[in-house]
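Visitor: Coordinates only, no sequence provided:
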Ligand SMILES: Nc1ncnc2c1ncn2[C@@H]1O[C@H](COP(=O)(O)OP(=O)(O)OP(=O)(O)O)[C@@H](O)[C@H]1O
């Protein structure tokens with residue numbers, strides 16, 4: 001069965017058609033199709049090993065880091081008003097990764113100060129320096145509600161921040177490059193409930209301006225965040241749930257558990 005989820009209210013910014021990913025001879029994603037739109041969060045859930053991370057990585061060609069990986073099908077993105085299939089049309093990888101930012105399960109801060117974590121990619125990728133660089137650093141930290149917490153220790157090593165602060169720093173690093181699409185792989189996996197709450201509030205605010213694809217292992221979080229839920233099992237989308245399914249917690253849990 002090939003899935004075809006079309007969001008009819010808003011022009012999609014991600015259109016995935018017949019996407020299959022193999023590692024060596026093993027099929028990990030099997031003819032996946034769906035669309036994602038700006039202003040919406042799609043949450044991907046599914047058993048461990050069902051292909052959730054691989055699906056996120058397919059949207060900015062990160063699977064290509066693995067030499068045994070083969071991808072078929074298309075991932076069409078609308079970037080800066082132009083459509084293109086990232087596997088067929090020429091999209092320089094740095095441009096693609098800047099526009100399609102990814103935040104990983106475990107905060108991946110660089111072994112530098114908080115400021116340098118943001119400043120370095122801004123210098124290298126956008127060539128910013130001086131006042132423009134400082135403004136962008138502050139903007140990104142404010143965007144993730146971290147500025148007030150770190151403004152007096154911008155030059156301290158980023159590893160001295162709490163786990164939740166580090167994860168927000170990673171998100172700030174992605175946002176600073178002005179992406180249009182965010183890929184979030186269990187962004188609260190390593191956080192306590194307070195830090196999780198902050199990230200969830202942040203995502204709810206950010207979703208108005210970005211297309212967000214997120215992976216979550218928490219059904220209650222999925223229900224809080226998602227506009228649409230895709231249940232992945234053995235590399236296929238076996239169920240899609242939208243607003244009407246998310247209203248009643250028991251009904252939602254039953255539908256997802258059935259799909260698992
Ligand atoms: N680079 C790779 N080489 C070989 N197999 C891989 C590679 N990356 C992922 N896989 C395999 O693909 C399958 C899907 O992995 P993936 O990480 O996408 O699953 P997941 O649903 O995100 O799992 P989890 O919930 O445990 O994070 C797994 O069986 C995994 O072992």
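Guide: That came through fine. This is a predicted model, so every value here is computed, not measured.
Visitor: Which residues of the stretch 1-150 of the chain lie near the ligand?
Guide: Residues of the stretch 1-150 of the chain lying near the ligand by Cβ under 6 Å from any ligand atom: 23, 28, 46, 48, 49, 50, 51, 52, 53, 54, 66, 68. All C-beta spots, glycine's among them, are computed from the backbone N, C-alpha and C.
Visitor: for the helix or strand that contains the second one, packing partners?
Guide: By that I understand residue 28. Here residue 28 sits within strand 26-36, counting by DSSP states H and E. On a contact count with 3 or more Cβ pairs under 8 Å, 6 or more residues apart in numbering; DSSP states H and E, strand 26-36 meets strand 14-23, helix 52-58, strand 69-79, strand 211-215, strand 236-242.
Visitor: Apply 10 Å and report the result again.
Guide: Using 3 or more Cβ pairs under 10 Å, 6 or more residues apart in numbering; DSSP states H and E, the elements in contact with strand 26-36 are strand 14-23, strand 41-45, helix 52-58, strand 69-79, strand 211-215, strand 228-233, strand 236-242.
Visitor: Quick one: mean pLDDT over it.
Guide: On average, the pLDDT along strand 26-36 is 96.
Visitor: That strand: which residues count as buried?
Guide: 27, 28, 29, 30, 31, 32, 33, 34, 35, 36 (16 or more other Cβ atoms under 10 Å).
Visitor: Of these, just say which sits nearest to the ligand.
Guide: In terms of Cβ to the nearest ligand atom, no member of the buried residues of strand 26-36 lies closer to the ligand than residue 28, at 4.0 Å.
Visitor: Regarding the residue nearest the centre of the chain, what is its secondary structure?
Guide: By Cα atoms, centre = their mean, the mean C-alpha position of the chain lies nearest to residue 183, the distance being 1.3 Å. Following DSSP: H, G, I helix; E, B strand; the rest coil, residue 183 is assigned to strand.
Visitor: Pull the contacting residues for it.
Guide: Counting by Cβ atoms under 10 Å, 6 or more residues apart in numbering, residue 183 makes contact with 14, 53, 55-60, 62, 100-104, 174, 211-215.
Visitor: Flag every buried residue along stretch 50-69.
Guide: For stretch 50-69, the neighbour count (16+ other Cβ under 10 Å) marks 50-63, 69 as buried.
Visitor: tell me the two of those residues that are most distant?
Guide: Spatial extent of the buried residues of stretch 50-69 (Cβ to Cβ) is set by the pair 50 and 61 at 20.6 Å.
Visitor: quick one on the thing from earlier: which two among the residues of the stretch 1-150 of the chain next to the ligand are spaced furthest apart?
Guide: Largest separation among those by Cβ to Cβ: 46 and 68, giving 22.3 Å.
Visitor: Which secondary structure elements does the worst-scoring helix or strand of the chain on mean pLDDT sit against?
Guide: Lowest by mean pLDDT, DSSP states H and E among the helices and strands of the chain is helix 249-259, with a mean of 78. Helices and strands touching helix 249-259, as assessed by 3+ Cβ pairs under 10 Å, 6+ apart, comprise helix 219-225, strand 228-233, strand 236-242, helix 243-246.
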